[in-house]
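Trainee: Here is my input, please return the structure:
(one chain, ligands or ions: 1)
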Amino acid sequence: MPIYDFECRQCGHKFTLLTGVSERDKATCPACGSSDLRQLISGCAVKVSGGSGSGSAGGGCGGGHAGHGGG
Ligand SMILES: [Zn+2]
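Mentor: Sure thing, here's the model as predicted:
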């Protein structure tokens, strides 16, 4: 399950959500309940702890050559 980091624009509260994409859209600030959130990009904060290799071709880490972000 993916993790999403958010920052509330109302109170500035930062929190992390461990939910699906569908839930992500209707996320609200746990502190003030505002839905005016800003999603934070947590670069390569993924820890790969041994195990079976998923064979991920072309990771996302490193300098990206194509301006992908938006915002
Ligand atoms: Zn808030």
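Trainee: so how many other residues sit close to residue 7?
Mentor: When neighbours are defined as other CB atoms under 10 Å, residue 7 has 14 of them. Glycine gets a C-beta too; all of them are placed from N, C-alpha and C.
Trainee: Shouldn't it be within a strand?
Mentor: Yes: assessed with DSSP: H, G, I helix; E, B strand; the rest coil, residue 7 lies in a strand.
Trainee: Against the ion, how distant is it?
Mentor: Residue 7 sits 9 Å away from the ion, taking CB to the ion, to the nearest Å as the criterion.
Trainee: do the same with residue 20
Mentor: The spacing between residue 20 and the ion, counted by CB to the ion, is 22 Å.
Trainee: Could you do residue 31 as well?
Mentor: 4 Å.
Trainee: Determine the set of other helices and strands touching the strand or helix carrying residue 15.
Mentor: Using DSSP states H and E, residue 15 sits within strand 14-18. When contacts are defined as 3 or more CB pairs under 8 Å, 6 or more residues apart in numbering; DSSP states H and E, strand 14-18 packs onto strand 3-8.
Trainee: Now do the strand it packs on and strand 14-18, the angle between them.
Mentor: Angle of strand 3-8 versus strand 14-18, following axes from the mean of the first three to the mean of the last three CA atoms, to 10 degrees, is 150 degrees.
Trainee: For this protein, name the helix or strand with the lowest mean pLDDT.
Mentor: Least confident helix or strand of the chain, by mean pLDDT, DSSP states H and E, is helix 21-25 with a mean of 75.
Trainee: list the contacts for residue 35?
Mentor: 26, 27, 28, 29 (CB atoms under 8 Å, 6 or more residues apart in numbering).
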